[in-house]
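Engineer: sequence first, then the predicted structure:
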Amino acid sequence: MAKNFFKKMIVAVNGHRSSVHSAMYAIMMARSYNISIKFVYVVDTATVKFLSMNKFLVADERYDYEERLKEDGERYLAYAQMLAGSKGISCETELRSGGVFTEILRAADEYEADLIILGGNEAEGEKHQIKRNVLSTDQNEVLAHSKVPVMIIQKPDIEKIFKIF
């Protein structure tokens, strides 16, 4: 019998629909291949700091904004955990602060992940629209600097598959 190629995976969640889809896909992989899974949400304090330094946010707004981002992150992580639980999968969750791609890579290193899963970008609008700049800056940076394989999930019909899985 062959050994599992992947033992541990990190799934970056951020609340976008594609992020939820990547969580669903990762849960199905974890269940099918007995892979440990950890969901990570990063509060982008690097961008908040930049906005504050450039006077787009005042100090009080910065603190409130970061707190709202943390609350959002906790909600998204709880949702991912609930999705995993609905399929009988136990998982870990972690809320981190800092630069998004830096923290995703750091979390993967600390967890000793064999795989990083990211959600793809979805084109809102017409189906026949040409996609440009498909990946975000953070996704590109994770791809460029990761020491492990990175899987980008773009499967719009995943919700149907997840329900019957």
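Structural biologist: That came through, no problem.

Engineer: just the helices in this structure please.
Structural biologist: Remark: helices assigned in the chain by DSSP state H are 17-33, 45-53, 59-86, 100-111, 137-145, 158-164.

Engineer: G85: neighbouring residues, count only.
Structural biologist: Other residues near G85 come to 12 when the count uses other C-beta atoms under 10 Å. (C-beta placed from N, C-alpha, C; glycine too.)

Engineer: brain fart, K160
Structural biologist: K160: 9 neighbours (other C-beta under 10 Å).

Engineer: how about S90?
Structural biologist: 10.

Engineer: can you check A46 too?
Structural biologist: That count, for A46 with other C-beta under 10 Å as the rule, works out to 16.

Engineer: which one is it nearest to, not counting chain neighbours?
Structural biologist: G99 (4.0 Å; C-beta to C-beta, 6 or more residues apart in numbering).

Engineer: now do the lowest-mean-pLDDT helix or strand in the chain against helix 100-111, angle only.
Structural biologist: Least confident helix or strand of the chain, by mean pLDDT, DSSP states H and E, is helix 45-53 with a mean of 74. Orientation check (axes from the mean of the first three to the mean of the last three C-alpha atoms, to 10 degrees): helix 45-53 against helix 100-111 gives 150 degrees.

Engineer: show me what helix 45-53 is packed against.
Structural biologist: For helix 45-53, the elements it packs on are helix 59-86, strand 92-98, judged by 3 or more C-beta pairs under 8 Å, 6 or more residues apart in numbering; DSSP states H and E.

Engineer: in its sheet, what does the last one sit against?
Structural biologist: Strand partners for strand 92-98, identified by DSSP bridges, are recorded as strand 36-44 (parallel).

Engineer: could you check the angle the strand it pairs with makes with helix 59-86?
Structural biologist: Using the same axes, to 10 degrees: strand 36-44 against helix 59-86 is 160 degrees.

Engineer: got the angle between strand 36-44 and helix 17-33?
Structural biologist: Using the same axes, to 10 degrees: strand 36-44 against helix 17-33 is 160 degrees.
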